[in-house]
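Asker: Sequence plus predicted model, see below.
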Amino acid sequence: KFGWDLIDLLPPKHTRIGNVLHDIVPHLFRTTRQLLGHETISLQAVLPLLLIVEPILFEFEEMAGDIEVNGELTNGATVFDRRIPRTWRINMEVATSLDVEAARDSFYTMLKFASQQ
């Protein structure tokens, strides 16, 4: 999670990425406060970037999973076969944990270098 102090760490407004982020991030904070009632945001869009740039930050587990397409409450949800013994075959590798502090540091480093473009 990131608090309002993230705004101070964004690239300068005069950079292309800084200009975009200074428009988007405050709006995301306001929307999150209005809809969810809290003052922090989760930048889930950063995770795929971190996975490419810093895969060592993640731990993975092979799992058997599928996307539910017929469920009334679970339509679109990823469902995993965690039964013992498993009846589905293993078909994916799933990130199960993340070094959060290292991920945060890596994200801030990406912001720093993005402002130099």
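Answerer: Thanks, I have it.
Asker: Strands along the chain, start to end?
Answerer: Here the chain has its strands, by DSSP state E, at 58-63, 65-67, 78-80, 92-98.
Asker: Could you save those strands as CSV and add columns showing distance to Tyr108 and mean pLDDT?
Answerer: Quick note: C-beta positions are derived from backbone N, CA and C, even for glycine. Rendered in CSV, the data for the strands of the chain read as follows (distance: least, C-beta to C-beta, whole Å; pLDDT from 0 to 100):
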stretch, distance to Tyr108, mean pLDDT
strand 58-63, 18, 95
strand 65-67, 32, 95
strand 78-80, 29, 94
strand 92-98, 15, 93
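Asker: Of all those, which one is nearest Asp23?
Answerer: For the strands of the chain, the distance to Asp23 is smallest for strand 92-98, at 27.6 Å, taking C-beta to C-beta.
Asker: do you know how far the most centrally placed residue in the chain is from Leu9?
Answerer: Most central in the chain under C-alpha atoms, centre = their mean is Gln44, positioned 2.1 Å from the mean C-alpha point. When C-beta to C-beta, to the nearest Å is applied, the distance between Gln44 and Leu9 equals 18 Å.
Asker: can you pull the pLDDT of the closest residue in space to Tyr108 that isn't next to it in sequence?
Answerer: In space, Tyr108 comes closest to Leu9 once its chain neighbours are excluded; the distance is 5.9 Å by C-beta to C-beta, 6 or more residues apart in numbering. Note on Leu9: pLDDT of 85.
Asker: dump the residue contacts of the residue nearest to the centre of the chain.
Answerer: Residues counted as contacts of Gln44 (C-beta atoms under 8 Å, 6 or more residues apart in numbering): none.
Asker: Over to Val25?
Answerer: Contacts of Val25 were listed using C-beta under 8 Å, 6+ apart, and they are Leu6, Ile7, Leu10, Ile41.
Asker: which two in these are spaced the farthest apart?
Answerer: Spanning the widest gap among the contacts of Val25 are Leu10 and Ile41, at 12.6 Å by C-beta to C-beta.
Asker: Kindly provide the distance from the most far-flung residue of the chain relative to its centre to Glu61.
Answerer: The outermost residue of the chain relative to its centre, with distances by C-alpha atoms, centre = their mean, is Pro85 at 31.4 Å. Here Pro85 is placed at a distance of 17 Å from Glu61 (C-beta to C-beta).
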